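**Student:** What follows is a predicted structure for the sequence shown.
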2 protein chains.
Amino acid sequence: MIQLTILGCHSATPRVNAHPTSQYLEINNNHFLVDCGEGTQRQMRKYKVGFSKINHIFISHLHGDHFYGLVGLLSTYGILSREKEMHIFGPKGIKKATLQMLKISESHAKFNMVFHELSSKESELIYEDDKVTVQTIPLTHRVYTNGYLFTEKPKPRKLNMLNISGYAEIDRADYLNIKAGRDVTLSSGEVIPNTLLTIDPTKPLSYAFCSDTSYKPNIIPIIKNVDLLYHEATFLNDRQDLAKKTKHSTAIEAAKIAKEANVGQLIIGHYSGRYPDTSLFKKEAETVFKNVSLAKPGAVFKIN
Amino acid sequence: MIQLTILGCHSATPRVNAHPTSQYLEINNNHFLVDCGEGTQRQMRKYKVGFSKINHIFISHLHGDHFYGLVGLLSTYGILSREKEMHIFGPKGIKKATLQMLKISESHAKFNMVFHELSSKESELIYEDDKVTVQTIPLTHRVYTNGYLFTEKPKPRKLNMLNISGYAEIDRADYLNIKAGRDVTLSSGEVIPNTLLTIDPTKPLSYAFCSDTSYKPNIIPIIKNVDLLYHEATFLNDRQDLAKKTKHSTAIEAAKIAKEANVGQLIIGHYSGRYPDTSLFKKEAETVFKNVSLAKPGAVFKIN
């Protein structure tokens, strides 16, 4: 299961109805925060996300609208007497600046903050547990930037109890092996193939977060066939010149990436404040790719 | 004229309806920001304060709820191509941490940021122009903390045109001297006293900001007779033990300070989140001092 809650999806400066980038991602029982612009913790409260369930924060790049809320959030966890470790993934420099700010504000957080500073220009596996993997998606922006690919690990095969019940010899002690994909050899020597005893598990789900970036087709192999893609669309096509100059994308470019990568659903966001009507982003993207949604604070996207 | 706009007045962590401390102060044509908790710039937009008119920011102390919004605000000024200098007054350490954070976020602000790092335990004059003075009010908190006293400079005396018109010899060329308080000597040798030719100017107004602090009666001589006092009241009297322990004040203690200092009006704020009903603060303070108002975001206090 993937459930994505948008906390903020506007570009640049915080405004009354424009909250900088942040997302709360639940994937296979993991709870991640992706980016943390100023005001994120208030948005987390407003949309009732699992505040205390987050143990990993992924920062795409060190522009303020993506991480100025991090210090305040970590400080708040300290005030709330958090004890569990917090892992923070982000570009080089984030550790020193964050710890310095926490130090001068005498934030006596008792929990361990583990910073994973990234600098590779290649896609790399940066986190793994028994349920998910997280891989970087190197993006092209004015500063070192990674997107993140979150993928469920393959689930065990499901038992086909109808077929299993046809074999008196097969009992519960065998189930674990069968789910792991093994054939069963009966006492007679007959081998019962696993495919008779199990059903395919649900396909592992995946979510790719791509912000901020200029149009970069060579991320397509990394995000091929993801179920859900968030891709920045700071500008409309009318300002493609500005998108190129500032190393951002247009709605059409985001849609092209989604189409070429054959994603399930595209969410666009990071709207420039010059466009009061964000519906134009959807209209433009839909000319290239059909299944487009607009990110907005509080929006929840769920895939089972 | 003094006009104070409360941008945030809750203590500790930002919550959906609880914004950390910040105030926008207009005093005799100066525009100051006092404290800058996370989310302040959004509150500035929401309450339409003179964003670009601010040239001086005063930070009381380095607890996050009083200054975590500063980096984001300075970054925003950079994005908006600000050119005027910005003066930031606050405790030692604020300059290094702020500049470091701005540096790693590649905030290319073109304007000069002038940090005035304070460390004196005595009250000192820290800013002066031809219209106002700003003086520190040393407070007692868990970290080095100053309140700030903002005072209009005495205005010129006002011309009493009715009386002046009775002297044919007195003409416009004399007005500046008369306003400056000088007597006029006629050609006959008669000295016309200034008090006949002028009216007392309006009394210079003053505003004292006192947060965060434990109960500290020895600030009274500094804030004596101020027209407007903002004093923190984090707790009610029921938790005076906790106020003492955390070096905060109760509503009653804030009111005692106001009464002893003979202030014109008391505003209380910095409410702890443990009290959902902030009206209790007013009720408690009013048992000691009559003219009490509750700070709340968007509230405007004006004194002519």
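**Tutor:** It's in.
**Student:** now the helices for chain A?
**Tutor:** A:40-46, A:64-67, A:70-79, A:94-104, A:161-164, A:175-179, A:194-197, A:220-223, A:240-246, A:251-260, A:279-286 (DSSP state H).
**Student:** quick one, what contacts the residue of the stretch 101-250 of chain A found nearest chain B?
**Tutor:** Closest residue of the stretch 101-250 of chain A to chain B, Cβ to the nearest Cβ: residue A:104 (4.1 Å). Any C-beta I mention is one placed from the backbone N, CA and C, and that applies to glycine too. By Cβ atoms under 8 Å, 6 or more residues apart in numbering or on different chains, the contact set of residue A:104 is B:62, B:93-94, B:96-97.
**Student:** which among these gets closest to residue B:195?
**Tutor:** Distances from residue B:195 to the contacts of residue A:104, taken as Cβ to Cβ, are shortest for residue B:94 (47.9 Å).
**Student:** Touching, that closest one and residue B:115? I think so.
**Tutor:** Yes - if you go by Cβ atoms under 8 Å, residue B:94 and residue B:115 touch, sitting 6.4 Å apart.
**Student:** Quick check: residues of chain A near chain B?
**Tutor:** For chain A, the residues in contact with chain B (Cβ under 8 Å from any Cβ of the partner chain) are A:12-16, A:38-39, A:41-42, A:45-46, A:62-64, A:67-69, A:71-72, A:75-76, A:79-80, A:93-94, A:96-97, A:100-101, A:103-107, A:142-143.
**Student:** Distance check, the residue lying farthest from the centre of chain A against residue A:126.
**Tutor:** Distance from the centre of chain A peaks at residue A:188, with 50.0 Å (Cα atoms, centre = their mean). Here residue A:188 is placed at a distance of 50 Å from residue A:126 (Cβ to Cβ, to the nearest Å).
**Student:** for residue A:99, same thing?
**Tutor:** For residue A:99, the distance to residue A:126 - Cβ to Cβ - is 20 Å.
**Student:** Show me which of those two is the more surrounded one.
**Tutor:** Neighbour count, other Cβ atoms under 10 Å in any protein chain shown: between residue A:99 and residue A:126, residue A:126 has more, with 19 against 15.
**Student:** hmm, back to that, what's the pLDDT at the residue of the stretch 101-250 of chain A closest to chain B?
**Tutor:** pLDDT recorded at residue A:104 is 93.
**Student:** who touches stretch A:237-254?
**Tutor:** With Cβ under 8 Å, 6+ apart as the criterion, stretch A:237-254 contacts A:11, A:140-142, A:212-215, A:231-236, A:257, A:266, A:268, A:270, A:272, A:274, A:280-282, A:284-285, A:287-288.
**Student:** quick revisit: residue B:94 and residue B:115 - which one has more neighbours?
**Tutor:** Neighbours were counted for residue B:94 and for residue B:115 using other Cβ under 10 Å; residue B:94 has more, 22 against 18.
**Student:** Nearest to chain B: which residue in the stretch 151-300 of chain A?
**Tutor:** residue A:273 (10.4 Å).
**Student:** Give me the neighbour count for that residue.
**Tutor:** 12.
**Student:** Equivalent analysis for residue A:182, please.
**Tutor:** There are 15 residues near residue A:182, going by other Cβ under 10 Å.
**Student:** Equivalent analysis for residue A:75, please.
**Tutor:** Around residue A:75 sit 25 other residues, with neighbours defined as other Cβ under 10 Å.
**Student:** That one and residue B:6, how far apart?
**Tutor:** Distance of residue A:75 to residue B:6, given as Cβ to Cβ: 23 Å.
**Student:** and what of residue A:36?
**Tutor:** Residue A:36 is 27 Å from residue B:6, where distance means Cβ to Cβ.
**Student:** So for those two, which residue has more residues nearby?
**Tutor:** Each of residue A:36 and residue B:6 has its neighbours counted (other Cβ under 10 Å); residue A:36 has more, 31 against 24.
**Student:** Before we move on, what's the pLDDT of the more buried one?
**Tutor:** At residue A:36 the predicted local distance difference test score is 98.
**Student:** and what of residue A:181?
**Tutor:** 89.
**Student:** before we move on, what about residue A:12?
**Tutor:** Confidence score, pLDDT, at residue A:12: 89.
**Student:** about what we covered before: contacts only, for the residue of the stretch 151-300 of chain A closest to chain B.
**Tutor:** Here residue A:273 is in contact with A:10-13, A:15, A:18 (Cβ under 8 Å, 6+ apart).
**Student:** rerun that using 7 Å as the cut-off
**Tutor:** A:10, A:12, A:15, A:18 (Cβ atoms under 7 Å, 6 or more residues apart in numbering or on different chains).
**Student:** show me the residues around the closest residue to the second one other than its chain neighbours that make contact.
**Tutor:** Counting by Cβ to Cβ, 6 or more residues apart in numbering or on different chains, residue A:12 lies nearest to residue A:65, which is 5.6 Å off, once chain neighbours are set aside. Remark: with contacts taken as Cβ under 7 Å, 6+ apart, residue A:65 is in contact with A:11-12, A:20-21, A:37.
**Student:** ok, so of these, who is nearest chain B?
**Tutor:** Closest to chain B, out of all of these and judged by Cβ to the nearest Cβ, is residue A:12, at 6.0 Å.
**Student:** Now do the residue of the stretch 151-300 of chain A closest to chain B against residue A:121, distance only.
**Tutor:** 31 Å.
**Student:** And residue A:33, by the same measure?
**Tutor:** Residue A:33 is 24 Å from residue A:121, where distance means Cβ to Cβ.
**Student:** Now for residue A:70, how many residues are close by?
**Tutor:** Residue A:70 has 26 neighbouring residues, counting by other Cβ under 10 Å.
**Student:** mind listing what it touches?
**Tutor:** Residue A:70 neighbours (Cβ under 7 Å, 6+ apart): A:36, A:59, A:98.
**Student:** Report the set of residues contacting both of residue B:94 and residue B:115.
**Tutor:** By Cβ under 7 Å, 6+ apart, the residues touching both residue B:94 and residue B:115 are residue B:88.
**Student:** just checking, residue A:233 touches residue A:266?
**Tutor:** No - assessed by Cβ atoms under 7 Å, residue A:233 is found out of contact with residue A:266, at 9.3 Å.
**Student:** Just want to know which of those two has more residues nearby.
**Tutor:** Neighbours per residue (other Cβ under 10 Å) separate residue A:233 from residue A:266, with residue A:233 holding more: 34 against 27.
**Student:** what's the domain layout of chain A?
**Tutor:** Domain assignment for chain A, taken from automatic domain parsing, gives A:2-155+A:202-303, A:158-199.
**Student:** between residue A:33 and residue A:121, which one's more packed in?
**Tutor:** residue A:33 (27 against 9).
**Student:** check contacts around residue A:201.
**Tutor:** Per Cβ under 7 Å, 6+ apart, neighbours of residue A:201: A:154-158.
**Student:** measure it to residue A:158 for me?
**Tutor:** 6 Å.
**Student:** again with residue A:233
**Tutor:** Applying Cβ to Cβ to residue A:233 and residue A:158 gives a distance of 39 Å.
**Student:** ditto for residue A:147
**Tutor:** According to Cβ to Cβ, residue A:147 stands 32 Å off from residue A:158.
**Student:** if you count what's nearby, which of those two comes out ahead?
**Tutor:** Neighbours were counted for residue A:147 and for residue A:158 using other Cβ under 10 Å; residue A:147 has more, 29 against 13.
**Student:** list the contacts for that one?
**Tutor:** A:60, A:137, A:139, A:208-211, A:213.
**Student:** tell me, how many neighbours does the nearest residue to it once chain neighbours are set aside end up with?
**Tutor:** Distance criterion Cβ to Cβ, 6+ apart; nearest residue to residue A:147, sequence neighbours excluded, is residue A:137 at 3.5 Å. Counted by other Cβ under 10 Å, the residues lying close to residue A:137 total 19.
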